[in-house]
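Asker: pasted the sequence and its predicted model underneath.
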Amino acid sequence: MLIEARPATDPELAALVVAQQRELREADGGLDGQVTVPHDDIHYLVVIDGGRVVACGGIQALDPDTGELKRMYVRPAYRGRGIARQLLAALEELAFQRGHTVVCLETGTYLPAAIRLYTSCGYEPIPVYGEYVGNPYSVCFAKRLPVAV
């Protein structure tokens, strides 16, 4: 398994983001509260297994100290192998390298597996923020990154 950076314009990455959005629409039952805002300033990582891009995620700066986790997704056939946990750790390292001391994220109340992953990796609930305010299906989390020694 390999984790590498890809530009937002990468076609394999774009296919995963489309799959993620499709799966979210199916999971939320087409809720009107779903927020999908395209961002071209996300720094993406992908996971490659057997030559195939199987997972993605990105970090977007909210401010100099805070990076937001975006578009975290693992293809269904590759779930349960620890890929999401490894990708999350790599994204946290990317956020740290970009100068962030905190990583925050938004996920849906209808995604209990995602919530379990984030809380088991040290993310704590925070108030809903930014574009997610007013969305009754949004829950937000944050994690303070360890300080380098």
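Answerer: Nice, I can see it. Residues are numbered from 1 along each chain as shown.

Asker: pLDDT score for Thr9?
Answerer: Predicted confidence (pLDDT) for Thr9: 87.

Asker: what is the neighbour count of it?
Answerer: 9 (other CB atoms under 10 Å). For glycine as for every other residue, the C-beta is placed from the backbone atoms N, C-alpha and C.

Asker: what residues are up against it?
Answerer: Contact analysis of Thr9 by CB atoms under 8 Å, 6 or more residues apart in numbering lists nothing.

Asker: next one: Val47
Answerer: 1-3, 53-56, 74, 83, 86-87.

Asker: how does it look with 10 Å?
Answerer: Contacts for Val47 were tallied using CB atoms under 10 Å, 6 or more residues apart in numbering; they are 1-4, 16, 53-57, 74-75, 78, 81, 83-84, 86-87, 90.

Asker: report the secondary structure state of the most centrally placed residue in the chain.
Answerer: The centre of the chain sits closest to Met72, judged by CA atoms, centre = their mean, with a distance of 3.1 Å. Using DSSP: H, G, I helix; E, B strand; the rest coil, the structure places Met72 in strand.

Asker: nearest spatial neighbour of it, skipping sequence neighbours?
Answerer: Gly57 (4.0 Å; CB to CB, 6 or more residues apart in numbering).

Asker: just to check, the one you found is in contact with Tyr44?
Answerer: Yes. Under the criterion of CB atoms under 10 Å, Gly57 is in contact with Tyr44, at a separation of 7.2 Å.

Asker: of these two, which one has the most company?
Answerer: Between Gly57 and Tyr44, counting by other CB under 10 Å, Gly57 is the more crowded of the two (26 against 23).

Asker: distance of the more buried one from Arg85?
Answerer: Taking CB to CB, to the nearest Å as the measure, Gly57 falls 11 Å from Arg85.

Asker: which elements pack onto the lengthiest strand in the chain?
Answerer: Counting by DSSP state E, the longest strand found in the chain is strand 52-63. Judged by 3 or more CB pairs under 10 Å, 6 or more residues apart in numbering; DSSP states H and E, the packing partners of strand 52-63 are strand 2-6, helix 11-27, strand 43-49, strand 66-74, helix 83-97, strand 102-108.

Asker: each with direction, which strands does the third one pair with?
Answerer: Strand 43-49 has the following strand partners under DSSP bridges: strand 2-6 (antiparallel), strand 52-63 (antiparallel).

Asker: could you dump the ones you listed into CSV and include distance to Gly122 and mean pLDDT?
Answerer: As requested, the strands paired with strand 43-49 are arranged in CSV below (distance: least, CB to CB, whole Å; pLDDT from 0 to 100):
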stretch, distance to Gly122, mean pLDDT
strand 2-6, 19, 96
strand 52-63, 16, 95
